[in-house]
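>>> Next input, structure requested:
(one chain, ligands or ions: 1)
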Amino acid sequence: MRTTKIAGVGYYVPEKVITNFDLEKLMDTSNEWIIERTGIQERRYIEDDTGASDLGVEAAKNAMKMANVEPEDIDLIIFATITSDYFFPGSSAQVQEKLGMGHIGAFDIKVACSGFIYGLSIADQFIKTGEFDNVLLIGAEVQSTALAFDTEHRDMSVLFGDGAGAVILQPSNTDSKILSTHLHIDGKYVKELWTEAPASRFNPRISKQMLDEGRQYPFMNGREVFRNAIVKFPAVIQEAMEANNLSIDDVKLIIPHQANYRISQAVAKRLGVGMEKVYSNIHRYGNTTAASIPIAMSEALSKGKFEEGDIIILAAFGAGFSWASSAIRW
Ligand code: UT7
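Okay, here's the model as predicted:
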């Protein structure tokens, strides 16, 4: 059976920096509160008329450069996002057109913060079976245009940022490979972290009354998310280690979805490791949902935090509630 390697990784974030002090001017919040509860100092927001596909295209270009492949080499595009450019079709179609990739298959997946690892698992299957040789996987989000800057929604509005990360997956002829992926969801928590409208179960999908009630804004039961995240993150990391007979000492770096710095600290504590083993860049980008893991992976690699032969573990927790992990030998 073939195995899959990550041949290239890249990221892109918009230029516009929004600091906590900028948010102080928009609503009743404070730099101190945001840093103490989340670790975030700043995040990036798009300028007008930029969609998730635009960010994804730039990240894809960087990943293709590292993998030394051209757009015409790509066989399939998987685009993980909860903020696609349009209600339908998916942003993957726009990436294909913008990068001139020809009429290859392309689809979106919508598993929020776990979307990138779900995409990695899907891509891994296509490579292992021999169906494709070059899969482009993107995680990209434009969260800023969904946020409400008022007291009622300030818990959500301080957390999220825009950005994109991408990887190129290829068959491996060395020991560098995806060792395993582990996917979970518990649908009973759907309404604890969600955007309710517009949606197909309402007729009409959106109404003035719904807009007046603010049902188009993301809602989160922050404490419930936190409580579950600090249990599921370590459990799914442990699952990846057990599946590959690894101890925590074998792992060079854990790259978690950047949900909240306090969550990463709690995960490190439960795993009995210091924060030097848990990569974090949330202070600069906030929570970028499906984009956060590939952005962090790309940054960590360029900073020399891991290299060929090292074992890294990716882990995510988010809306669904979904949680997932992947062990990779780089
Ligand atoms: O990808 C997964 C996405 N989500 C997460 O990872 C989030 C997980 N949850 C959390 O990180 C935390 O629950 C939050 C950071 C969202 C909130 O922290 P918390 O310690 O759970 O605060 P809380 O919601 O219990 O609110 C405490 C206080 C409240 O005021 P009162 O009722 O005590 O007077 C809130 O109104 O903090 C207030 N508050 C704020 N104050 C200033 C909530 N948001 C803000 C804000 N600025 N942005």
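>>> What residues are bridge-paired with residue 8?
residue 168 (DSSP bridges).
>>> What count of nearby residues applies to it?
Residue 8: 22 surrounding residues under other CB atoms under 10 Å. C-beta here means a position set from N, CA and C on the backbone, and glycine is covered the same way.
>>> For it, give me its contacts.
62-69, 167-168 (CB atoms under 8 Å, 6 or more residues apart in numbering).
>>> Quick one: which of these is the most crowded by neighbours?
Busiest of these [other CB under 10 Å] is residue 167, holding 31 neighbours.
>>> so that one makes contact with residue 127?
No - the criterion here is CB atoms under 8 Å, and residue 167 misses it with residue 127 at 11.8 Å.
>>> just to revisit the earlier point, please identify which pair of the contacts of residue 8 lies farthest apart.
68 and 167 (13.8 Å; CB to CB).
>>> Check the stretch 151-300 of the chain for the residue nearest the ligand and tell me.
residue 222 (2.5 Å; CB to the nearest ligand atom).
>>> That residue - nearest residue in space that isn't next to it in sequence?
Nearest residue to residue 222 in three dimensions, chain neighbours excluded: residue 155, at 5.4 Å (CB to CB, 6 or more residues apart in numbering).
>>> can you count the residues close to the one you found?
Neighbour number of residue 155 under other CB under 10 Å is 16.
>>> mind checking which helix or strand it is in?
helix 154-157 (DSSP states H and E).
>>> Equivalent analysis for residue 58, please.
Here residue 58 is assigned to helix 52-67, by DSSP H and E.
>>> Would you mind putting the CA coordinates of that helix into CSV?
Provided in CSV are the C-alpha atoms of helix 52-67 (Å, rounded to 0.1, in the frame of the first residue of the first chain):
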residue,chain,number,x,y,z
ALA,A,52,-11.9,32.6,1.5
SER,A,53,-10.9,31.4,-2.0
ASP,A,54,-8.6,34.4,-2.5
LEU,A,55,-6.7,33.7,0.8
GLY,A,56,-6.6,30.0,-0.1
VAL,A,57,-5.1,30.7,-3.6
GLU,A,58,-2.2,32.6,-2.0
ALA,A,59,-1.6,29.8,0.6
ALA,A,60,-1.8,27.2,-2.2
LYS,A,61,0.8,29.1,-4.3
ASN,A,62,3.2,29.0,-1.3
ALA,A,63,2.6,25.3,-0.7
MET,A,64,3.1,24.5,-4.4
LYS,A,65,6.3,26.4,-4.5
MET,A,66,7.7,24.3,-1.6
ALA,A,67,6.5,21.1,-3.2
